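>>> sequence unknown, structure follows:
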């Protein structure tokens, strides 16, 4: 990491933890990780063998700083960094880059992936969406990101906001659909596992051809007899019935076969 | 296929077509495929090199018959088969087995997968959900299904209905979520491809641990500032805004972190 010098990280959540692990796997050692919470600090230290600090002294001596904390904590972290001379980036999908504009050189390093401490994640194909407030730092940040992933893209604040909103639909809401499906199956003594090949194939197809072309089912066909039977089956589950109705109506209005 | 004798298929849609292809790949040759529509018949004949017929004479001579037609056409097909002596099964996720009770020996062979003529599908791990109106035929049907897939399960009409409804949520509605995400990205000059690693990881995680544990995002966290910002971004898309509100509310009510 000649061109970056010393890398510091702030945070101990899923993103900070995963990022440190990915860095270590690439034999890039953070010079320090700032962690406020004592038990989180201990876990970082034990699991990842990194130097964990609880004041900003060593952080301020770094050349590149990744602030991987909750959205609402970014400003507070930045308030300690007014004199920072390195490049400081945050990892948020929603916060504008300007939340760091009290620091001279700043940017964004947004890994578009869901992370948790328990799962092994490689960043090899994770989209890393980057922004910096100067062309020189953008190039530097790009060089760094390319060490971790083959999928690095420039992304301004507006695009990042759109991506984050889109991710709520394609990831969180998709997850909710699996949750409802799971509930319906469990009520009938069945397991969600039976759906795995169907879901995997449908998702692959959706990415390969397009969600619109991959869509099947009663609403797409305008099969109102089946829709009515489904609504009756859901009659004692008012919340799930509402979801069914809203999404069926959306398909009928937007995707129905002529 | 000693124990089955002659296998016939009725239909030329995605299920019939895929099924014939899967059978041919396993070197199981249908004795005939009944197809009403002339151009569909021609395609079946050319693509799959099967004997396509347009009357029921040869069908009635078979020992095992798979009726892979639209739900609404099953009764009409069955009306020609009152004298059938073999085992006749339909492939529908929604129709009761009794739609075939004008035939002496009947059942269901429901492959839980999305199919289209353009995609290569192996049935190796596709759940094949089977039912027959006699234990002897259930055993026969099980033996047949095991030739095509390692994932064969008994499933009565009630369970099959629950599975079909669940599939609407986990497959069709999930697909709609990808469609909305795609639209939001396109409006900002971006492609759905950027979401692929995130969606794949989230889906895997959801099946590996559970949808509930895999869920992340602003609604799960109760991050109402982000939710409000998202709703403002969707203010000129009333249909998508409604979906956002209904699903966010569902997460807040059912999955919100304490």
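Yep, it's here. Being a predicted model, the structure only gives us computed values, none of them experimental.
>>> Below-threshold pLDDT in chain A: ranges please.
For chain A, the stretches flagged by pLDDT under 70 are A:1-3.
>>> Checking the most centrally placed residue in it next. Helix, strand or coil?
Among the residues of chain A, the one closest to the centroid is residue A:113, at 3.7 Å (C-alpha atoms, centre = their mean). Following DSSP: H, G, I helix; E, B strand; the rest coil, residue A:113 is assigned to coil.
>>> Backbone torsions only: list them for it.
When read as degrees, to the nearest 10, the backbone of residue A:113 gives phi -160, psi 150.
>>> Now do the contacts for it.
Contacts for residue A:113 (C-beta atoms under 8 Å, 6 or more residues apart in numbering or on different chains) come out as A:121, A:123, A:126-127, B:197-198, B:201. Yep, even glycine has a C-beta here, placed from its N, CA and C like the rest.
>>> Going by neighbour count, list what's buried in the longest helix anywhere in chain A.
Longest helix in chain A by number of residues (criterion: DSSP state H): helix A:238-255. By 16 or more other C-beta atoms under 10 Å in any protein chain shown, the buried positions in helix A:238-255 come out as A:240-241, A:243-244, A:246-248, A:250-252, A:254-255.
>>> Equivalent analysis for stretch A:94-106, please.
Within stretch A:94-106, the residues that count as buried by 16+ other C-beta under 10 Å are A:94-97, A:99-100, A:103-106.
>>> Out of those, flag the one nearest to residue A:161.
residue A:94 (6.5 Å; C-beta to C-beta).
>>> State the distance from residue A:42 to chain B.
Distance, residue A:42 to chain B, by C-beta to the nearest C-beta, to the nearest Å: 23 Å.
>>> Just give the nearest non-adjacent residue to that residue, would you?
In space, and not counting its chain neighbours, residue A:42 is closest to residue A:52: 8.0 Å by C-beta to C-beta, 6 or more residues apart in numbering or on different chains.
>>> For the one you found, the count of nearby residues, please.
By other C-beta atoms under 10 Å in any protein chain shown, the residues close to residue A:52 number 21.
>>> hang on, it packs against residue A:38?
No: contact criterion C-beta atoms under 8 Å: residue A:52 and residue A:38 do not qualify, at 9.8 Å.
>>> circling back to that earlier point, between the buried residues of helix A:238-255, which is nearest residue A:172?
Proximity of these to residue A:172 (C-beta to C-beta) peaks at residue A:243, which lies at 13.6 Å.
>>> so how far is chain B from that closest one?
6 Å.
>>> Tell me who's in contact with that residue.
Residue A:243 makes contact with A:180, B:169, B:173, B:246-247, B:250 under the criterion C-beta under 8 Å, 6+ apart.
>>> Let me know the closest of those residues to residue A:75.
Each of the contacts of residue A:243 was checked against residue A:75 using C-beta to C-beta; the closest is residue B:247, at 29.3 Å.
>>> ok now do that closest one, which residues does it touch?
Per C-beta under 8 Å, 6+ apart, neighbours of residue B:247: A:172-173, A:176, A:243, B:219.
>>> The same query, at a cut-off of 6 Å, please.
If you count contacts by C-beta atoms under 6 Å, 6 or more residues apart in numbering or on different chains, residue B:247 has them with A:173, A:176.
>>> Equivalent analysis for the one 4 residues further on, please.
When the contact criterion is C-beta under 6 Å, 6+ apart, the partners of residue B:251 are B:219-220.
>>> One more pass at 8 Å, please.
A:172, A:176, B:215, B:217, B:219-220.
>>> go on, residue A:75?
Neighbouring residues of residue A:75 by C-beta under 8 Å, 6+ apart: residue A:99.
>>> And for residue A:189, the neighbour number?
Using other C-beta under 10 Å, residue A:189 has 9 neighbouring residues.
>>> Equivalent analysis for residue A:175, please.
27.
>>> Angles on the backbone of it, please.
Backbone geometry at residue A:175, expressed as degrees, to the nearest 10, gives phi -60, psi -40.
>>> So which elements touch the helix or strand hosting residue A:203?
Taking DSSP states H and E as the criterion, residue A:203 maps to helix A:196-208. If contacts are counted by 3 or more C-beta pairs under 8 Å, 6 or more residues apart in numbering or on different chains; DSSP states H and E, helix A:196-208 sits against helix A:211-214, helix B:174-186, helix B:196-208.
>>> Most tightly packed of the ones you listed?
Greatest average neighbour count among the helices and strands packed on helix A:196-208 goes to helix B:174-186 (a mean of 24), per mean count of other C-beta atoms under 10 Å in any protein chain shown.
>>> so what secondary structure elements neighbour it?
Against helix B:174-186 (3+ C-beta pairs under 8 Å, 6+ apart) you get helix A:157-167, helix A:174-186, helix A:196-208, helix A:211-214, helix A:238-255, helix B:238-255.
>>> what distance separates that helix from the centre of its chain?
Here helix B:174-186 is found 21 Å from its chain centre; the criterion is C-alpha atoms, centre = their mean, to the nearest Å.
>>> If I take that helix and helix B:157-167, what angle do their directions form?
Here the directions of helix B:174-186 and helix B:157-167 differ by 0 degrees (axes from the mean of the first three to the mean of the last three C-alpha atoms, to 10 degrees).
>>> What lies in contact with helix B:174-186?
Residues from elsewhere that reach helix B:174-186, judged by C-beta under 8 Å, 6+ apart: A:162-163, A:165-167, A:169-170, A:173-174, A:177-178, A:199, A:202-203, A:206-207, A:210-212, A:214-215, A:247, A:250-251, A:254-255, B:191-192, B:194-195, B:199, B:240, B:243.
>>> can you list the domains in chain A?
Domain segmentation of chain A under automatic domain parsing yields A:7-155, A:160-255.
>>> first to last residue in the longest one, what's the distance?
Domain A:7-155 has an end-to-end distance of 22 Å (C-alpha to C-alpha, to the nearest Å).
>>> Next: stretch A:167-175.
One end of stretch A:167-175 sits 11 Å from the other (C-alpha to C-alpha).
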